[in-house]
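>>> next one to model:
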Amino acid sequence: MAEFDKRKSADYLENKKKIQELKKRSSGAVDEFFHEKHEEVFSGMDCLECANCCKTISPIITQEDMDALAKHLRISVTQLLKAYIEMDEEGDFVFKQTPCPFLDTDNKCKVYESRPKACKQYPHTNRRKMKQILDLTLQNSLTCPAVWKMLGDFGLLS
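Numbers count the residues shown, from 1 in each chain. As a prediction, the model looks like this:
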């Protein structure tokens, strides 16, 4: 984590070049790289040591997410919206604050079973059609040590 904190910004331009190279590859090759690296990197990483995503990013929250959160919290969707959610400049619903209002002091999620889909899928490196979200992946490399590590490993395959 300390290495990530020191190097993430310095590595950004190099990672941007790697993303450009990945964009030239086939979708299947990009998926294969990320899926393999996702399993490898996350097998040796404890997200609870970091929680940068929960501390710095507000996920997009769908109606389905709101329904699940409201049920979990035993409040109405209207109460949930009033207390925790706002619409951002792009018209998406997001949490009003960062860190996430449901992040506990031990970096655990207070609503883990009902957390938004975007949280469940973050950092999105094990999804299909990774080529479609390579720009997002580059942005995530500034937040998530796992994504930063995956992009660092890309140079080993070039």
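>>> so what's the residue count around Val147?
Neighbourhood size, Val147 [other C-beta atoms under 10 Å]: 28. Bear in mind the C-beta positions are built from the backbone N, C-alpha and C, glycine included.
>>> wait, Glu86
Neighbour number of Glu86 under other C-beta under 10 Å is 14.
>>> isn't there a helix covering it?
No - counting by DSSP: H, G, I helix; E, B strand; the rest coil, Glu86 is not part of a helix but strand.
>>> correct me, but it touches Lys96?
Yes - if you go by C-beta atoms under 8 Å, Glu86 and Lys96 touch, sitting 4.7 Å apart.
>>> how about low-confidence regions in this structure?
155-158 (pLDDT under 70).
>>> show me where it has helices.
Along the chain, counting by DSSP state H, helices occupy 2-7, 12-23, 27-43, 52-56, 63-73, 77-84, 117-121, 134-140, 145-157.
>>> CA atoms of the fourth one as CSV?
When you say that, I think you mean helix 52-56. Taking C-alpha atoms only, helix 52-56 is exported to CSV below (Å, rounded to 0.1, in the frame of the first residue of the first chain):
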residue,chain,number,x,y,z
ASN,A,52,-9.7,3.7,-0.9
CYS,A,53,-12.7,3.1,-3.1
CYS,A,54,-15.1,3.6,-0.2
LYS,A,55,-13.1,6.5,1.0
THR,A,56,-12.8,8.5,-2.2
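>>> what are the buried residues along that helix?
By neighbour count with 16 or more other C-beta atoms under 10 Å, helix 52-56 contains the buried residues 52-54.
>>> just the third one next, same as before
By neighbour count, with 16+ other C-beta under 10 Å as the criterion, the buried positions of helix 27-43 are 30-31, 33-34, 37-38, 41-42.
>>> cool, and the second one?
For helix 12-23, burial by neighbour count (16+ other C-beta under 10 Å) applies to 12, 15, 18-19, 22.
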